[in-house]
Structure formats: structure tokens, C-alpha cells
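Undergrad: quick one, what's the 3D model for this:
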Amino acid sequence: MSGLKLFHTTTSGATEVAPRLAEAEADVQGMVETHMETLLGVRFLASEYSTGPVHGGRIDSLGLDENGSPVVVEYKRGLDAGVINQGLFYLSWLVDHRAEFEHLVQGWLGAPAAAQVLWSSPRLICIAGDFTRYDVHAVREHRRSIDLVRYRLFGRDLLGLETVASVSGRSPAVRRARGQSTVLAVKDGQSTALAELGQCASISERRSDCDHFGGAFRRNGHAVAVVDQ
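TA: Model (predicted):
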């Protein structure tokens, strides 16, 4: 993940935890959907949502972000040149089926949330093993809100997410700096925080050197948190 290294430390030494890709796309999708609000700031609504017999597709995940914007999430196990175009295809379908989406929101989150859906800035989040420089350039040329997020698994229960590019709709302005990384431990049910890896070099480093946010620690745009599954 762009130079990020993870180590397991003991009193006798340190061992690097090697990054790896998931065995299947569905493994990444399941992890993210289970903890979508914690990982992406998006409330989960539906998985493998059918776009009907005419369109003949399935949207990997549908959600609603903290601002009320509709969100399409598409996953790929590794590098896939078609992920952005596929996601934009589904995002266009979603914008053309507003009433259907609002009905879904109402069923899961209630009528007030459905009435406040923000259609001015629907979002696409692509989560994949990697992206090319052409992908990064392409999203900056679009007038849609698009996030490219690279993932890696570490050991048995760590999930790393790195924002490669993040562009707001109708503007080429990048929302977050490239290379922002989060590492999350996936275990049994509750969220707990860890000290930041890399930036806060050790747990003994003074906490005042890091900004505390939402149960985790941030410094220089990087964060580490724990998510229990």
C-alpha cells in the first residue's frame, strides 16, 4: 500500500506482516458492507442490488453518506481497468431511478432520511487491489464525485484502506490528499482504537503529538483504527 508497512512487535523483536489481496472480490465486499459506516462514513442499504431485467445488472453495494448523498460502491479483487466505467454506469442508472432509491432509504432509515436525499452530488466509491495512473487522471476529469480506494489485507484480521484519489462532483478539487491510509483490525463486534502506525512510531510516543479523532489517532493525514467484526 504505497510504502505502508505493518509490524507485529514483541519484547524479542519485530516481524513484518506481509500485505495480500483477498482470495475473492466477495471477501472484500463482505468486510466493507459489515462495517460500511465505520470504514467509509456511509450507511449501508443494499447488497447486489438488481437494476432490473432490461438493464440486467447488479450494483455491488448501495448506501447513503453522512450528507445524505446516494452512494454506489463497486469492488474488484485486484487491478481492473473497467471498475470506474462500470461504477459510473450504475451511478447513472441510480440517478434515473430516484424514486426507487428513496423508497429503499425509507424502508431502512425512515421517511425523514428519504425526504432529505441529496441528489446534487451522488457518489461512486471504487475499492480495488490497485489503480493505474490513468484511473487517477480519469476521475479528475469527471464531473462526478468519485473515490478510488486501494485495499490490502494484513495477516488474519487487518484490513488496510488507502485513498488514491477523491474528487468532488462538478469540480476537479480533490477532497483528500492522495495516499491517506487507514488500517483496521477486523475481529468480533465492537470498535476499538489503536495508536497510528508509521506516524506515531510507538505507543509510548506522547499522545499530544497526534490529533485524537473518533476513537483513533491522526497525524499528517494517516490513521489507524480497529473495527471488530
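
Undergrad: when you work out contacts or count neighbours from here on, use the C-alpha atoms and nothing else.
TA: OK.

Undergrad: centre-most residue in the protein?
TA: residue 40 (4.5 Å; C-alpha atoms, centre = their mean).

Undergrad: now do the phi/psi pair for that one.
TA: Main-chain dihedrals, residue 40, degrees, to the nearest 10: phi -120, psi -10.

Undergrad: so how far is residue 63 from it?
TA: 10 Å (C-alpha to C-alpha, to the nearest Å).

Undergrad: low-confidence ranges in the chain?
TA: Scanning the chain for pLDDT under 70 picks out the ranges 1-2, 170-229.

Undergrad: can you pull out the helices in it?
TA: For the chain, applying DSSP state H gives helices covering 25-34, 36-40, 52-55, 83-95, 98-109, 111-115, 133-141.

Undergrad: what comes up buried for the last one?
TA: By 16 or more other C-alpha atoms under 10 Å, the buried positions in helix 133-141 come out as 135-136, 139-140.

Undergrad: for that helix, packing partners?
TA: Packing partners of helix 133-141 (3 or more C-alpha pairs under 8 Å, 6 or more residues apart in numbering; DSSP states H and E): strand 158-167.

Undergrad: give me that answer again for 10 Å
TA: For helix 133-141, the elements it packs on are helix 83-95, strand 145-154, strand 158-167, judged by 3 or more C-alpha pairs under 10 Å, 6 or more residues apart in numbering; DSSP states H and E.

Undergrad: okay, the first one in PDB with CA atoms only?
TA: Meaning helix 83-95. Extracted C-alpha coordinates of helix 83-95, given in PDB (Å, rounded to 0.1, in the frame of the first residue of the first chain):
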ATOM      1  CA  VAL A  83     -14.200  -0.600 -12.500                       C
ATOM      2  CA  ILE A  84     -14.700   3.200 -12.900                       C
ATOM      3  CA  ASN A  85     -16.800   2.900 -16.100                       C
ATOM      4  CA  GLN A  86     -18.900   0.100 -14.500                       C
ATOM      5  CA  GLY A  87     -19.500   2.200 -11.400                       C
ATOM      6  CA  LEU A  88     -20.400   5.300 -13.500                       C
ATOM      7  CA  PHE A  89     -22.800   3.100 -15.500                       C
ATOM      8  CA  TYR A  90     -24.600   2.100 -12.200                       C
ATOM      9  CA  LEU A  91     -24.400   5.700 -10.900                       C
ATOM     10  CA  SER A  92     -26.300   7.000 -14.000                       C
ATOM     11  CA  TRP A  93     -28.900   4.300 -13.500                       C
ATOM     12  CA  LEU A  94     -29.400   5.300  -9.900                       C
ATOM     13  CA  VAL A  95     -29.900   9.000 -10.800                       C
END
